[in-house]
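Visitor: Whatever this is, show me its structure:
(chains A and B)
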Number of protein chains: 2
Amino acid sequence: MKLPPRTVERLSKYRRLLSNKKYPEDDHIFSHKLAGFLNLTPEQVRRDLMLIGINGNHRKGYHVGTMIDVIGRIIDRQEGHNLALVGICNLGRAVLRFIRKSGTRMNIVAAFDIDDNKVNTTISGVPCHAISNLPKVIVEQNIHIAILTVPSEAVNEITTRLINAGIKGILNFTSVPLDVPGDVYLKDYDIITSLEEIGFYLKD
Amino acid sequence: MKLPPRTVERLSKYRRLLSNKKYPEDDHIFSHKLAGFLNLTPEQVRRDLMLIGINGNHRKGYHVGTMIDVIGRIIDRQEGHNLALVGICNLGRAVLRFIRKSGTRMNIVAAFDIDDNKVNTTISGVPCHAISNLPKVIVEQNIHIAILTVPSEAVNEITTRLINAGIKGILNFTSVPLDVPGDVYLKDYDIITSLEEIGFYLKD
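Guide: Here you go, the predicted model:
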């Protein structure tokens, strides 16, 4: 199913919100209620759900379990996704724990670092490998998404290696804007630059 | 000085890269070298620097110290910015440490949580206050930027309080798309949604 990125984002948010709230099995929710939690309009919510074939009931609203299931079938891969964390700093560790706690079907199955003290240990249950083993582990473990929390100097070289090994999606926490091929999906999370940008626009 | 967000982003990156590399006092760098580190074109770098009045030398390139100073004068507030971290989870703690280590003039001066075990402690040197004291502390400490790492359910109410207390910039790590007034500068960092979006586009 082809969907625009904004729709995928919203579907992911609906599902997460509904899953976290642990509704009883036969529970329903009205579009305006769901919209209210996420600061959206009820029309937007109804449009998104109609697009993926979910219809509400005028009296009861939308069935929560159905929504979670259908969204899952559309945005998840059946077997989940295998991820690698590249660069084990505090931020990397926290992101790893955050993802594992979220209940998403994103499985961080490997971590990589150059530090001998970290290699061959496990970080929150995830084995840490040497960067030199990156191509081998990426292929063997069927990893397609990488989270980059490496120092800026290292990021270009590591990105090239990741892409050569078959990585197709990157969440980039470094300050380096990556130059990736068209078939690699990239999201940038450059915290310091974002804060300095926020700071600039409220300087006066 | 009025500058587009992309230019501010790049200036922030130039400055960070040059500062981290600790160049000797009389050192220079060519635009193609700086561009290479950041996957930009030399023309882009020269255009950005010209825009803020920095000229290079044909033989030696751009003076590193001057670049760092001039960028700082343009994008920083003289006295820096005071920030608050709202919600002390692992991710919040790591973001706090990451920012403090980066050497940016973004000072996290207060943290907030509802957990009595965290209130009145210090987190990496930052005092943690009760959420109920939020308006008072925000005003007293002249805080204008907030980093949100709270649970999704709490974010709407807390955002309203932050904005009422005078917050003008928000870095939002929650899954809730915030509805903020036009004079509040907002950046969203929703990790799980970003990963699920990446996953969706490489599903096949």
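
Visitor: tell me the domain ranges of chain A?
Guide: According to automatic domain parsing, chain A is divided into the following domains: A:5-75, A:81-195.

Visitor: How are the helices of chain A distributed by residue range?
Guide: A:5-21, A:31-37, A:42-51, A:64-75, A:90-102, A:134-140, A:152-164, A:191-201 (DSSP state H).

Visitor: what about the fifth one, distance to the chain center?
Guide: Mean-position distance between helix A:90-102 and its chain equals 11 Å (C-alpha atoms, centre = their mean, to the nearest Å).

Visitor: Low-confidence ranges, chain A, go.
Guide: Counting by pLDDT under 70, chain A has low-confidence residues at A:203-204.

Visitor: related to what we said a few turns ago, tell me which of the helices of chain A is the most buried.
Guide: The highest mean neighbour count among these, using mean count of other C-beta atoms under 10 Å in any protein chain shown, belongs to helix A:191-201: a mean of 22. Glycine gets a C-beta too; all of them are placed from N, C-alpha and C.

Visitor: by contact count, what packs against that helix?
Guide: Packing partners of helix A:191-201 (3 or more C-beta pairs under 8 Å, 6 or more residues apart in numbering or on different chains; DSSP states H and E): helix B:5-21, helix B:64-75, strand B:81-86, helix B:90-102, strand B:106-113, strand B:145-148, strand B:169-172, strand B:185-188.

Visitor: what angle sits between it and helix B:5-21?
Guide: Calculated by axes from the mean of the first three to the mean of the last three C-alpha atoms, to 10 degrees, helix A:191-201 forms an angle of 130 degrees with helix B:5-21.

Visitor: Tell me what angle helix A:191-201 forms with strand B:106-113.
Guide: Using the same axes, to 10 degrees: helix A:191-201 against strand B:106-113 is 100 degrees.

Visitor: got a list of contacts for helix A:191-201?
Guide: Around helix A:191-201, the neighbours that count as contacts under C-beta atoms under 8 Å, 6 or more residues apart in numbering or on different chains are A:173, A:175, B:3, B:5, B:8-9, B:12-13, B:16, B:75-77, B:81, B:83, B:95, B:98-99, B:102, B:104-106, B:145, B:169-171, B:185, B:187, B:189.

Visitor: go with 7 Å
Guide: Applying C-beta atoms under 7 Å, 6 or more residues apart in numbering or on different chains, the contact partners of helix A:191-201 are A:175, B:5, B:8-9, B:12-13, B:16, B:75, B:77, B:81, B:95, B:98-99, B:102, B:104, B:106, B:145, B:169, B:171, B:185, B:187.

Visitor: from the middle of its chain, how far away would it be?
Guide: 23 Å.

Visitor: go on, stretch A:19-26?
Guide: Its chain's C-alpha centre and that of stretch A:19-26 lie 22 Å apart, by C-alpha atoms, centre = their mean.

Visitor: Specify the beta-bridge partners of the spatially closest residue to residue A:56 that is not a sequence neighbour.
Guide: Nearest in space to residue A:56, with sequence neighbours left out and distances taken as C-beta to C-beta, 6 or more residues apart in numbering or on different chains, is residue A:62 at 4.4 Å. Residue A:62 has these beta-bridge partners by DSSP bridges: residue A:29.

Visitor: related to what we said a few turns ago, got CSV for the helices and strands packed on helix A:191-201, with distance to residue B:42 too?
Guide: Listed next are the helices and strands packed on helix A:191-201 as CSV, based on distance: least, C-beta to C-beta, whole Å:
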stretch, distance to residue B:42
helix B:5-21, 13
helix B:64-75, 15
strand B:81-86, 31
helix B:90-102, 26
strand B:106-113, 30
strand B:145-148, 33
strand B:169-172, 31
strand B:185-188, 28
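
Visitor: Which residue is the nearest non-sequential neighbour of the most centrally placed residue in chain A?
Guide: Most central in chain A under C-alpha atoms, centre = their mean is residue A:106, positioned 7.2 Å from the mean C-alpha point. With sequence-adjacent residues excluded and distances taken as C-beta to C-beta, 6+ apart, residue A:106 is closest to residue B:195, at 4.9 Å.

Visitor: Look up how far residue A:153 lies from the one you found.
Guide: Shown here: residue B:195 relative to residue A:153, a distance of 25 Å by C-beta to C-beta, to the nearest Å.

Visitor: same thing with residue A:30?
Guide: Taking C-beta to C-beta as the measure, residue A:30 falls 52 Å from residue A:153.

Visitor: Just give the number of residues close to residue A:58.
Guide: Close neighbours of residue A:58, defined as other C-beta atoms under 10 Å in any protein chain shown, add up to 6.

Visitor: in stretch A:119-129, what counts as buried?
Guide: Within stretch A:119-129, the residues that count as buried by 16 or more other C-beta atoms under 10 Å in any protein chain shown are A:119, A:123, A:126, A:128, A:129.

Visitor: Can you get me the start-to-end distance on it?
Guide: Stretch A:119-129 has an end-to-end distance of 5 Å (criterion: C-alpha to C-alpha, to the nearest Å).

Visitor: re the thing from before, the residue nearest to the centre of chain A pairs with what?
Guide: Applying DSSP bridges, one finds that residue A:106 bridges with residue A:81.

Visitor: wait, what's in contact with it?
Guide: Residue A:106 neighbours (C-beta under 7 Å, 6+ apart): A:80, A:81, A:83, A:99, B:195, B:199.

Visitor: hmm, try it at 6 Å
Guide: By C-beta atoms under 6 Å, 6 or more residues apart in numbering or on different chains, the contact set of residue A:106 is A:81, A:83, A:99, B:195.
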